[in-house]
Structure formats: C-alpha cells, structure tokens
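# Whatever this is, show me its structure:
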Amino acid sequence: MGRRVTLGRHARFGSPSVFRQLLSLLGIAVAVVMVASVAVGAYVVGSLRGSLSEEAVALEAEVAEPPSLGPYESEFTLLLVGTDECEEELRAQLGARCEGADAGGQLNDVNMLMHVSAEPRRVTVVSFPRDLELPIPSCASPDGSVVSAMSKQPLNSAYSYGELGCVAKTISDLTGQEIPFAAKVSFGNVVNITDAIGGVEVCIGNGGIRDPHTGIDLPAGMHTVQGFDALQFLRTRHGVGDESDLARIGNQQQYMSRLVHKLRSDEILTNLPVVLDLANTAARNITPSESLTDPVRIVQLALTLKDVPFDDITFVQYPVLTDPDNANHVVPDRAAASVLWDALERNVPIDVSGKTNSNGGVIDANPQEQPEPTPDSTATPPTPVPTGTGAAEDRAVLPENINGVDATVETCSAGNVAANG
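Predicted coordinates:
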C-alpha cells in the first residue's frame, strides 16, 4: 500500500463539503446548448480551441472516431469531476472552509459518470459518494512521479494523487467502463457557469432550508438560484433530509433535472447570444481531457444528447453499503451495481425503485394518492416482466438501494428548517 490519507466523511459527521452532483450541470449544459445552431459550432471552432487546450489532461482510454459535425455514432461515457478548493475570490464567502491546514487542498468531491447509449439514445448519470472507500490504482502525478496503488482510500482523495487522470482511472477500474472523455470544474467555475445560465428554479419543501454551515436560508416555495447562491444550494447537507451526504445527492438531482429542462427550453436554445456566452464561459471554466479540446468534438457529442426524451435521462446514485471499518463511510455494493452496468450494456429502459432519495434529501412534488384497499379485494398485483426475456419492451428494474429519478419526475428539497432553528 502507498501513503494513507484520511479525507471526507459520511452521514451526519464531518464538514459540509461540496456540490456532489453538479457536474451533470456542466456536462449537459456544455453539450446541449452548443448545438442550438450551426453558427454555434462555427463560433466555437474559431475562438475556443485555445482555451480548452491550455490545461488538457491525457486519459488512458483512446477515442477512435475522428471529430465531425455529425452525431457521435457509438455509445460513450463522460466523467465530470468537481473539486473542493479555495479560490481567492471565494475565500471570504466560504468562511471556515478556507481556513486552517486543509484550506489549500483539492478534493474530487463531485464524481459523476455520464453514460450515453447508442441508438436508441439514453442518458444515465451515475453519482459516486465522495467518501466511498475503494482501491486507488497507481497514478502519475503532475510532477511526473508515480504514486503507488492503494487498497482502500476515499474516492475524493484520488485527485490529490494524480488529478483528473487518476480520478478517471479509479472510477474506470470500479465500474469496468472505459472513460474517453472527462472534465473538471471548481467552486469558482460553478459560480461563473450558473451565472451564464441565468440561474435554475428549484423547489423548496418542508418549511424551507436553513444551513448555518453554508449560510443558505430559503423559505418554502420556488426560488431561482444562481452564482454563489446556487453553489451553496448544491453544497448544503445540513439543510436537507437526514443531513447526510447521500441526502445531498438527492437534493442536487432535483437541481440537475430542472436544469436539463431549462437548457432544452426555448429560453436557451433559441437565444443565440445566451448560447454563445455559455459556450465561452464553459470553455474558460473547465479543465478538459485532451479528447475534449476540439470544440467540434463537443458539438458532436452534443448532437447525441439534444433529442433524448426526458424519461430516458436518468440520475442515479452508485449503490453502497456501510463500511465495516468506518460507519461514517461506505463501500461499493458491486452486486447491485452489476444490475445497472448490465442494463447500460443492453441499452434497455431503466426503472428506478428508489424514486426519491432514501435519506430524505427530496420529496415528491406531486405525490400520487394510493387508493385504500377494500377488505374483500381479491385482486393480485401484476407480475413484473423479467428483463432479458425478449419481451416486447425489455426493461431493467434496479435494486432498491440504487436511488434516483428520471428527468420527468418533479421533486422538492426536503428542507429541515425546524431542525436548524
């Protein structure tokens, strides 16, 4: 084993660290808006290539298909990583996060793998808990040194060993998925990107969100959050559900789903100045893999996303079990995860059993009343159609500990104002 680093916490314990899911906001935002018109593609090719290439990172997976302005023909995966770091312009606002010995560290607290199938197109975004304990492979550091493989470390320590390339290698080893595309954003990048989008309207339930750790204080109702307010909404953990990191994931899935609807609306896609501003902002605020430095490639990937039905855009959490060595951390539930990877390989529709987060991060915005059973009812429930049977529509029912929602489900933050005074 190599050096031991203890980072990140789970459940109710630890400091309020980051905005776990927000990366799909980057992935889908960058991809979808850039295809509003052919003019966008031409503009991007002419002015953004240099910005994207400045700090590009090499990945192990190769991309065989050359970039073109037609849709990307194959399935692909895109890793989206968000780093928890203290940039100078945010130090005063982030307060305690940017004080003390850990202020200079960078943790990959957001780790999301977006899988896009071949025809028929489906998008599945898998979020990985930051304090998921797993093996970290041998990685090359930016200074050229090689860090030895480790048998068990928190996922959010991978960036500190080999930056974006090491995170990609770690998640690829865990999932068995090749990762040819990747991008990274920081706290400050999120603020800039959400400003360019013009904010996202979110729903707050259960009386409101109040979190003294992040400073967010929002009453119940609909709110448009952007800039630093959006960052704090995505970071809040103590303001929702059972105050766990997994509850935060559920809360952020609401943000992402509503973001996708906004990006696919006429408000964005038919407004060329907004599209161009967002393209510029994205290029200035991401660290891409070398495979994403050609803007034509980004447009090509976008063309595979723009018409995917909302019910085929699904956000899920990677399934986990409590770490037997540390009750505040989790370990992979590989058996449950294999059902998900099998569904992606077969390219079948996914049914998420845990429609809302099991830790109470969100509540259903439109709950359906269930009819009361009659005492003399002899009706039997319908038998579910098994997967892999050659049925008219083959579907995969995910295990109950794979929580998530598709983009058609409206949820609200499960605020806990009462618990936080």
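# quick one: Gly303 and Arg297, what's the gap?
Just so we're on the same page, residue 303 is Leu rather than Gly. 11 Å (Cβ to Cβ, to the nearest Å). Placement of C-beta: from N, CA and C, glycine included.
# Kindly report the same for Val63.
For Val63, the distance to Arg297 - Cβ to Cβ - is 8 Å.
# what is in contact with the two at once?
Ser291 (Cβ atoms under 8 Å, 6 or more residues apart in numbering).
# Could you give the number of residues near Pro66?
9 (other Cβ atoms under 10 Å).
# tell me the SS of it?
coil (DSSP: H, G, I helix; E, B strand; the rest coil).
# Equivalent analysis for Thr170, please.
Under three-state DSSP, Thr170 comes out as helix.
# and it, what is it in contact with?
Thr170 neighbours (Cβ under 8 Å, 6+ apart): Leu134, Pro135, Ile136, Pro137, Cys139, Leu155, Ala158.
# wait, doesn't Ala58 sit right on Leu164?
No: when contacts are counted by Cβ atoms under 8 Å, Ala58 is not listed as touching Leu164 (9.4 Å).
# CA atoms only for stretch 247-258 - export them in CSV, please.
The C-alpha trace of stretch 247-258 is given here as CSV (Å, rounded to 0.1, in the frame of the first residue of the first chain):
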residue,chain,number,x,y,z
ALA,A,247,-29.3,13.2,1.1
ARG,A,248,-27.4,16.0,-0.5
ILE,A,249,-27.2,13.8,-3.7
GLY,A,250,-30.9,13.5,-3.8
ASN,A,251,-31.3,17.3,-3.4
GLN,A,252,-28.8,18.0,-6.2
GLN,A,253,-30.6,15.6,-8.5
GLN,A,254,-33.6,18.0,-8.3
TYR,A,255,-31.3,20.8,-9.4
MET,A,256,-29.9,18.8,-12.3
SER,A,257,-33.3,17.7,-13.6
ARG,A,258,-34.7,21.2,-13.6
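# if we can go back for a sec, Ala58 and Leu164: who's more crowded?
Neighbours per residue, other Cβ under 10 Å: of Ala58 and Leu164, the larger number sits with Leu164, 24 against 11.
# what's the nearest residue to the more buried one if we skip its chain neighbours?
In space, and not counting its chain neighbours, Leu164 is closest to Val57: 4.4 Å by Cβ to Cβ, 6 or more residues apart in numbering.
# Report the contact partners of that neighbour.
Val57 touches Glu163, Leu164, Gly165, Ala182, Lys184, Thr287, Pro288, Ser289, Glu290, counting by Cβ under 8 Å, 6+ apart.
# And for the fifth one, the neighbour number?
In other words, Lys184. Count around Lys184 with other Cβ under 10 Å applied: 27.
# just checking, next helix/strand downstream of the helix or strand hosting Val185?
Assessed by DSSP states H and E, Val185 sits inside strand 181-186. Toward the C-terminal end, the helix or strand that comes next after strand 181-186 (DSSP H and E) is helix 187-197.
# average model confidence for that next one?
For helix 187-197, the mean per-residue pLDDT is 79.
# Now do whichever helix or strand comes after that helix and helix 187-197, the angle between them.
Of the helices and strands lying after helix 187-197 in sequence (DSSP H and E), the nearest is strand 200-211. Relative orientation of strand 200-211 versus helix 187-197 (axes from the mean of the first three to the mean of the last three Cα atoms, to 10 degrees): 140 degrees.
# Now render the contacts of Thr170 as TSV, adding distance to Val146 and secondary structure.
Output for these, formatted as TSV (distance: Cβ to Cβ, whole Å; DSSP: H, G, I helix; E, B strand; the rest coil):
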residue	distance to Val146	secondary structure
Leu134	19	strand
Pro135	16	strand
Ile136	13	strand
Pro137	11	coil
Cys139	7	strand
Leu155	20	helix
Ala158	14	helix
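# Closest one of those residues to Val316?
Leu155 (16.3 Å; Cβ to Cβ).
# how about the nearest residue to that closest one, chain neighbours excluded?
That would be Leu132: by Cβ to Cβ, 6+ apart, it lies 4.4 Å from Leu155.
# isn't that neighbour right up against Tyr318?
Yes: when contacts are counted by Cβ under 8 Å, Leu132 is listed as touching Tyr318 (7.2 Å).
# neighbour count winner among these two?
Applying other Cβ under 10 Å to Leu132 and Tyr318 shows that Tyr318 carries more neighbours, namely 27 against 24.
# For that one, which residues are in contact?
Applying Cβ under 8 Å, 6+ apart, one finds that Tyr318 lies in contact with Val126, Ser127, Phe128, Pro129, Leu132, Pro332, Ala337, Ile402.
# now the strand holding Val185, how far from the centre of its chain.
11 Å (Cα atoms, centre = their mean, to the nearest Å).
# Next, the angle helix 187-197 makes with it.
Taking the same axes, to 10 degrees, one finds strand 181-186 and helix 187-197 inclined to each other by 100 degrees.
# Tell me which residues are up against strand 181-186.
22-23, 26-27, 30, 57, 59, 63, 76-83, 85, 87, 106, 108, 110, 163-164, 167-168, 193, 285-289, 291-292, 301.
# That one pairs with which strands, and in what direction?
Strand 181-186 has the following strand partners under DSSP bridges: strand 76-84 (parallel), strand 287-288 (antiparallel).
# what mean pLDDT does the first one have?
For strand 76-84, the mean pLDDT works out to 90.
# Pro129 and Val331 touch, don't they?
No: with contact defined as Cβ under 8 Å, Pro129 does not count as touching Val331 (10.0 Å).
# Please enumerate the shared neighbours of Leu132 and Tyr318.
With Cβ under 8 Å, 6+ apart, Leu132 and Tyr318 have common neighbours Pro332.
# Name the residues of stretch 312-321 that come out as buried.
The neighbour-count check on stretch 312-321 (16 or more other Cβ atoms under 10 Å) flags Asp312, Ile313, Thr314, Phe315, Val316, Gln317, Tyr318, Pro319, Val320 as buried.
# same deal with stretch 241-258?
241-258.
# Specify the beta-bridge partners of the nearest residue to Gly162 once chain neighbours are set aside.
Among residues not flanking Gly162 along the chain, Cys139 sits closest, at 3.1 Å (Cβ to Cβ, 6+ apart). When bridges are called by DSSP bridges, Cys139 pairs up with Val147.
# How many residues are close by Pro71?
17.
# residue contacts, it?
Counting by Cβ under 8 Å, 6+ apart, Pro71 has contacts Gln300, Leu303, Thr304.
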